[in-house]
Structure formats: structure tokens, C-alpha cells
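In: one predicted model, sequence on top.
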Amino acid sequence: MHRAWLKHGKSAMRHLLVSMTLLATLSGCASRPTPPAVDCPEPPQIPASLKESALADAQALSSEAQSWLNEASSFLSELR
């Protein structure tokens, strides 16, 4: 047995250590236990600023971006 270790040397030892580490990881010995979930008695309050609809702002920004894209497209078309 001792001759086998001498024959294979570092590669055999490395293989053994990797195998043992993999086994420990897969069995859960090398991992930390998961913390328990926090029990919240009531859901958190959402700020009023997040409850307001931003649809008007989004539509205005979208139309502004669309007009800019149209201008850029026509400018690039004129370059051809």
C-alpha cells in the first residue's frame, strides 16, 4: 500500500483530497445551516410615492424618445 502512495505521489493525494472534499460538500458537512425565515407579523407599508401611477410620465418620455428616433432616422437617411 505504501508503495502505491509513493508511486502515484502528489496526484493520488490530490485525488483523495478532492474526493473527500466533494463527499463532505455533497453530504452537507461542509455547508452552513440555513438561517430560519423571519416571521413578519404584518407586511411592510409601501410609500405613497410608489403607489402613484407614473403612466403619464412614461408616455411623455416615450413620445419624446420616439420623436428623437424619427429625427435621427431621417438625418441618417439624408446621409445616404
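Out: Right, received. Where do you want to start? Numbering: from 1, shown residues only.

In: in which helix or strand does the most centrally placed residue in the chain reside?
Out: Centrality entry for the chain: nearest residue to the mean C-alpha point is T34, 19.1 Å, by Cα atoms, centre = their mean. In this structure, T34 is located outside every helix and strand according to DSSP states H and E.

In: give me the below-cutoff pLDDT ranges for this protein.
Out: 1-8, 28-33, 36 (pLDDT under 70).

In: what ranges do the helices span in it?
Out: 2-27, 48-51, 55-79 (DSSP state H).

In: now render those helices as CSV, adding distance to D39.
Out: Bear in mind the C-beta positions are built from the backbone N, C-alpha and C, glycine included. Below are these laid out as CSV (distance: least, Cβ to Cβ, whole Å):
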stretch, distance to D39
helix 2-27, 30
helix 48-51, 24
helix 55-79, 36
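
In: mind putting the ones you listed into a markdown table with mean neighbour count?
Out: Compiled in a markdown table, the helices of the chain are given as follows (neighbours: other Cβ atoms under 10 Å):
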| stretch | mean neighbour count |
| --- | --- |
| helix 2-27 | 10 |
| helix 48-51 | 7 |
| helix 55-79 | 9 |
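
In: which one of those lies nearest to C40?
Out: helix 48-51 (18.5 Å; Cβ to Cβ).
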